[in-house]
Every structure is written in C-alpha cells, then in structure tokens.
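In: Sequence below, structure please.
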Amino acid sequence: MLVLVLAPFAPGQKSPAPDVGTIVSRMVAARQDDQAHMRAYVVERDYRLLDTQEQPKAQVIASITHSPPDRNQYNIERSSGGMGAKVLRDIVQKENESLQGASRREISQQNYEFQLLGMETVDGHNCFVLSLNPRRDEKDLIRGKLWVDAADYRIHRLEGNPAKSPSWWIRDLHILMIFASVDGMWLHTFTQAIAQVRFKGTYVMESRDVQYSSGAETARHRRNPGMLAGAVVNP
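Out: Residues are numbered from 1 along each chain as shown. Take a look at the predicted model:
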C-alpha cells in the first residue's frame, strides 16, 4: 500500500531543505545519471480499462522491448474487451512512438516552474513535494505535484492533470504515475488515468509492469491486483 504522511519537514532533518532550484537541478542530474546507466530490457505490461467499481471491461497484455537510449518495440500478447481493447492498444502504440521531441515533455525547468510545498513520506522515503506548473498549455505537460526523494533526488510519484485536454471528448483527466527501482534501474512502473468522457461517463485506465527480463537475468515483478501500484525495490 502506498502511504503518504504529511510533515512540515523530514523527520530528524537537522538543516533546512535545499531551495527549489537546487532540488530541481539535483533531480535532473539524477535522471540523467539513470538514463546513462540504463540497460536493454523487456517488460510485460498489463493494461486494463475499468469501470467506476474497478471491474475490468477490457485488457491488453503487451511485451515491450526497450533499447537505450530511446528505442522501443512492442508486441501485443493478449487482448480482450472489444472496443475497450482497441482503446488500450492505441495507448500502447502512443506510449511506444518515436521519442523524438521528448525534451519538450521532460520534467525540467525548460518546461515547468516549480514551487516547494513541503515534505511527505512515501513508502518510508522522505520526499520533497514540488508543485508542477507548465510553462506552456500542451497536452503532454502535467499541472500537479511531484514527489522527489530527499536522499537521492529520484522521482517517486507524479500526479495531476494535463495542461491541455488531449481530446474534445475528455472533459477531465487525472493522471497518477509511480516510479521504482527494478533490477538496479529506476523505471516508471505504474500509471492510473481517470477520465470524464463526454456522454459516456467515467473511465479508469491502469497499466502496471508485471515482469521484467534483462539479458540472462530476470527480475520478476508481480503484485496483488488490488494494490495501487506495482513497484519492486531491488528484488
């Protein structure tokens, strides 16, 4: 279970928190270091479309091969749920399109203004909580909050709404992303998107990573379906 505990400062912290510019600079440096040490891997990802009672309406299982620095290939292993499955397959395709222009979507001072809101504990990790304020109204930028580890400056959690709606059909879209260490790599492991669709009601999409393989080693990543986020920490 993901646990958030609000605190005005980190327990046991003896000195003031760094200023927001320092936090963001260290966060960007940590992300660049993780990318520099990224290895090729294959992930099996489970995509589900749920109703408001969290009952599955459609499911797609995809095998995704990531080849550093920025090449992804995917294969749909299983699919069920009619039109709902088509929506999920479209999401898989979009996630694995060319990463050209990724710099316009990354969490950096080029794309966002940041404000330090305080500190919270996320699964036992003291985190700086930063507000995310996009510099442009674009659908790939998120207006919301970011949780950054106070020790190693890695992003644990991102939550908010797109600065611009991705479609006329969607009146509101709330996004949650979870990040975790998997086989020594810091990866985006879980996404939940809750959308208010015009004339259709509320839809929930969840994607979670369930199994990784990297070279001859395999890191298995299995979670209880009822849990919010799947995250393996140094298995």
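
In: could you list every residue that touches the one residue sitting closest to the centre of the chain?
Out: Centroid-nearest residue in the chain: M177, 2.9 Å away (criterion: Cα atoms, centre = their mean). Taking Cβ atoms under 8 Å, 6 or more residues apart in numbering, we find M177 in contact with 157-159, 188, 190-191. In short, each C-beta sits where N, CA and C put it, glycine included.

In: I'd like the distance between the nearest residue to it once chain neighbours are set aside and E106.
Out: Take M177 and drop its neighbours on the chain: the residue closest to it by Cβ to Cβ, 6 or more residues apart in numbering is L158, 4.4 Å away. For L158, the distance to E106 (Cβ to Cβ, to the nearest Å) stands at 12 Å.

In: Looking at those two, which has the bigger crowd around it?
Out: L158 (21 against 13; other Cβ atoms under 10 Å).

In: okay, the more buried one: pLDDT?
Out: If you check L158, the pLDDT there is 98.

In: May I have the beta-bridge partners of it?
Out: L146, M177 (DSSP bridges).

In: in this protein, which spans are strands?
Out: 4-7, 41-50, 56-67, 71-80, 112-122, 125-134, 142-149, 155-162, 170-182, 185-197, 201-214, 217-220 (DSSP state E).

In: Can you check which helix is longest in this protein?
Out: helix 20-36 (DSSP state H).

In: Return the list of helices and strands in contact with it.
Out: Here helix 20-36 touches strand 112-122, strand 125-134, going by 3 or more Cβ pairs under 8 Å, 6 or more residues apart in numbering; DSSP states H and E.
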